[in-house]
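Enquirer: Kindly return the folded structure for what I paste below:
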Amino acid sequence: MRQLSFPATDDDLSGPAWERFRQDAPMTRAFNHLIAGPHFARRFGRWPLSPGDAAATINDVIFARMIEPDWPALHRRFVVKDSAKIEAQRLAPALRTAETLAVIPVAELPSPEHLWARLQPFVGRDAIAKPGHASGAATFLRHAPSEREVRALHDLARRDYATILREMQYWRLPKTIIVEAMVPAGTSGPPDDYKFHCVHGEPLLAQVDHGRFGEAWSRLLRLPDFAPLDDADGLVAPAGFRLAAPERIAAMIDAARALSAPFDFVRVDLYDGADGIYFGELTFTPAAALGIAPAAAGVDWVNPTHRRYSDTLMQALDANREGTPMPVARLSHP
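Expert: Okay, the predicted model is just below:
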């Protein structure tokens with residue numbers, strides 16, 4: 001390992017000095033805290049708190065878990081996109097999964113040009129290519145992707161994703177690019193994404209994402225009634241949005257319950273496809289601990305909706321740790 005030099009004067013957190021430090025620093029909890037902490041501090045105006053601190057939020061819980069180097073094998077199997085489908089169907093057999101068209105080892109792709117050659121047979125199909133061991137750089141293949149898109153996909157797929165923000169569940173995963181068929185949608189746009197936030201096998205909240213690849217709209221809803229978590233969030237559903245049919249919602253809740261049962265906290269992402277409910281992914285560290293709940297005021301500051309969201313999850317986690325029944329009313333903010 002080269003001698004470490006912490007970029008104390010590099011305020012950018014994306015400059016060359018910081019990048020060198022981030023790549024060279026050991027993957028230990030202490031260094032992970034040092035590298036991911038400044039991003040958290042920029043977002044929330046403070047450094048992360050211990051999850052047991054009275055003032056801690058769900059973001060602190062997510063931060064504490066993501067910098068931990070030792071992740072259980074089942075979590076890591078759900079992080080890898082092709083093995084995640086196998087595990088999802090084992091736990092929730094009624095779920096559909098997007099068809100895997102190819103899994104390409106990154107070791108076979110020394111350049112973006114090699115990647116482009118491997119993707120060409122899928123161009124013109126309703127398909128998508130993305131790293132099988134990372135998040136981001138999704139490349140749609142219905143039309144030929146640009147050179148910039150192919151290069152971005154290749155560059156991200158070559159990285160150990162854990163080095164970016166020290167989300168350690170990704171550490172040293174096999175590097176691949178997976179090509180999948182798109183989930184069929186019943187409308188002209190993509191299927192709606194239902195993200196269930198679960199604590200110890202109990203779905204507590206659902207975030208519905210509509211129009212994800214265009215004019216995106218999201219809102220947090222309570223379960224089981226799917227009423228808005230915060231009536232004052234200022235969000236109004238677009239004209240094209242319709243909540244899934246009751247039988248679909250029931251199936252999604254059942255699937256989220258089954259998929260989240262092995263874990264203390266996880267977000268279960270499901271798609272309301274044209275021909276059934278599809279598995280999306282399990283997200284153990286949403287937004288790398290930097291996420292803020294959707295509200296009309298935006299997601300650039302901790303809004304009242306986010307405090308309600310965090311309170312709901314934190315009180316459920318506290319109740320479970322204490323061995324008491326999970327409360328129905330969990331909010332400390334009116």
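Enquirer: Kindly list the longest helix within the chain.
Expert: In the chain, assigned by DSSP state H, the helix with the most residues is helix 304-321.
Enquirer: Show the secondary-structure elements that that one is packed against.
Expert: Applying 3 or more Cβ pairs under 8 Å, 6 or more residues apart in numbering; DSSP states H and E, one finds that helix 304-321 contacts helix 58-66, strand 193-199, strand 202-210. For glycine as for every other residue, the C-beta is placed from the backbone atoms N, C-alpha and C.
Enquirer: Would you mind listing the buried residues in that helix?
Expert: Neighbour counts over helix 304-321 (16 or more other Cβ atoms under 10 Å) mark 305-320 as buried.
Enquirer: With stretch 265-281 instead?
Expert: 265-273, 277-281.
Enquirer: re the thing from before, for the helices and strands packed on helix 304-321, give me JSON lines that also has distance to residue 287 and mean neighbour count.
Expert: Output for these, formatted as JSON lines (distance: least, Cβ to Cβ, whole Å; neighbours: other Cβ atoms under 10 Å):
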{"stretch": "helix 58-66", "distance to residue 287": "8", "mean neighbour count": "23"}
{"stretch": "strand 193-199", "distance to residue 287": "11", "mean neighbour count": "23"}
{"stretch": "strand 202-210", "distance to residue 287": "11", "mean neighbour count": "21"}
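Enquirer: Including mean pLDDT, could these go into CSV?
Expert: Below are the helices and strands packed on helix 304-321 laid out as CSV (pLDDT from 0 to 100):
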stretch, mean pLDDT
helix 58-66, 98
strand 193-199, 97
strand 202-210, 96
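Enquirer: For residue 131, which of those is the nearest?
Expert: Judged by Cβ to Cβ, the one of the helices and strands packed on helix 304-321 that comes nearest to residue 131 is helix 58-66, at 17.8 Å.
Enquirer: helices or strands up against the lowest-mean-pLDDT helix or strand in the chain?
Expert: Scoring the helices and strands of the chain by mean pLDDT, DSSP states H and E places helix 16-24 at the bottom, with a mean of 81. Applying 3+ Cβ pairs under 8 Å, 6+ apart, one finds that helix 16-24 contacts helix 162-165.
Enquirer: What would the helix it packs on look like as PDB? C-alpha coordinates only.
Expert: In PDB, the C-alpha atoms belonging to helix 162-165 read as follows (Å, rounded to 0.1, in the frame of the first residue of the first chain):
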ATOM      1  CA  ALA A 162     -17.400  -0.500  -2.100                       C
ATOM      2  CA  THR A 163     -14.500   2.000  -2.600                       C
ATOM      3  CA  ILE A 164     -16.900   4.800  -3.700                       C
ATOM      4  CA  LEU A 165     -18.800   5.400  -0.500                       C
END
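Enquirer: Can you name the secondary structure element that comes next after that helix?
Expert: strand 176-181 (DSSP states H and E).
Enquirer: related to what we said a few turns ago, tilt between the longest helix of the chain and helix 58-66?
Expert: If you take axes from the mean of the first three to the mean of the last three Cα atoms, to 10 degrees, helix 304-321 sits at 60 degrees to helix 58-66.
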